[in-house]
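Chemist: sequence first, predicted coordinates after that:
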Amino acid sequence: MASRKGVEHAANIMDALSASGRPLSAYALLDHLRPTGVAAPLTIYRALEKLMKSGKVHRIESLNAFVACKGSAHHDHSHPHGHDHTVAFTICDACGAVDEFADPRLCDRINESLLARGFVSRDTTLEVRGTCSTCKTTSASRPQQQERGSAAGHHDPDR
């Protein structure tokens, strides 16, 4: 049975992750929750572990950070986006935006490939790094600097 404090910590973590709109490390969560009386990292890690097991929070391994499951919006944990132990994220290298997405065809293809290898997956997390559409549009709208002299091996001191 979960303690009342544990439930409260988990709710506060969900609120912090949902409000941030960005992945947060365990220590960023600890800093955010200190005013509520949370002082120990272990408290945060225990709550995160429970939230991950229930599918309400995902860990972004490459960032060592956590995000609320997209299906957890408004504390509805029914996973309407359809992932079944397969979670995929895009991570923008320019702005840090992280977006969870589900593609049943992609999930099916991954599961088929694993099955063909005789591998039984406990869970699958796919992290795709690159540039989001907002950053791509922003960088495309900026005038490109000319590469003056670069073909001849000259260094341009104005760059």
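Modeler: Structure received. Numbers count the residues shown, from 1 in each chain.
Chemist: helices or strands up against the helix or strand where S113 lies?
Modeler: Here S113 sits within helix 104-116, counting by DSSP states H and E. Packing partners of helix 104-116 (3 or more CB pairs under 8 Å, 6 or more residues apart in numbering; DSSP states H and E): strand 86-92, strand 124-130. Just so you know, the C-beta spots here come from the backbone N, C-alpha and C atoms, and that holds for glycine as well.
Chemist: pull the longest helix from this protein.
Modeler: helix 4-20 (DSSP state H).
Chemist: elements contacting that helix?
Modeler: helix 26-33, helix 41-53, strand 57-60, strand 65-68.
Chemist: distance between it and the chain's centre?
Modeler: 17 Å (CA atoms, centre = their mean, to the nearest Å).
Chemist: show the average pLDDT along it.
Modeler: Helix 4-20 comes out with an average pLDDT of 92.
Chemist: give me the contact list for the least confident helix or strand in the chain by mean pLDDT.
Modeler: Lowest mean confidence among the helices and strands of the chain (mean pLDDT, DSSP states H and E): helix 133-141, at a mean of 84. By CB atoms under 8 Å, 6 or more residues apart in numbering, the surrounding residues in contact with helix 133-141 are 92, 94-95, 97, 131.
Chemist: same thing but 6 Å
Modeler: 92, 94-95 (CB atoms under 6 Å, 6 or more residues apart in numbering).
Chemist: ranking by neighbours, what's the top pick from those?
Modeler: C92 (17 neighbours; other CB atoms under 10 Å).
Chemist: hang on, isn't it packed against C132?
Modeler: Yes: taking CB atoms under 6 Å as the definition, C92 is a contact partner of C132 at 3.9 Å.
Chemist: so the protein: which segments form each domain?
Modeler: When the chain is parsed with automatic domain parsing, its domains come out as 1-75, 81-140.
Chemist: if we can go back for a sec, got a list of contacts for the longest helix of the chain?
Modeler: Contacts for helix 4-20 (CB under 6 Å, 6+ apart): 29, 32-33, 36, 47, 51, 68.
Chemist: out of those residues, which one has the lowest pLDDT?
Modeler: T36 (90).
Chemist: if I look at that one, how far off is A68?
Modeler: As for T36, its distance to A68 is 18 Å (criterion: CB to CB, to the nearest Å).
Chemist: on that earlier part again, buried set for the helix holding S113?
Modeler: Of all the residues in helix 104-116, those buried under the rule 16 or more other CB atoms under 10 Å are 107, 110-111.
Chemist: tell me which of the domains of the chain sits most buried.
Modeler: For the domains of the chain, the largest average neighbour count (mean count of other CB atoms under 10 Å) is found in domain 1-75, namely a mean of 16.
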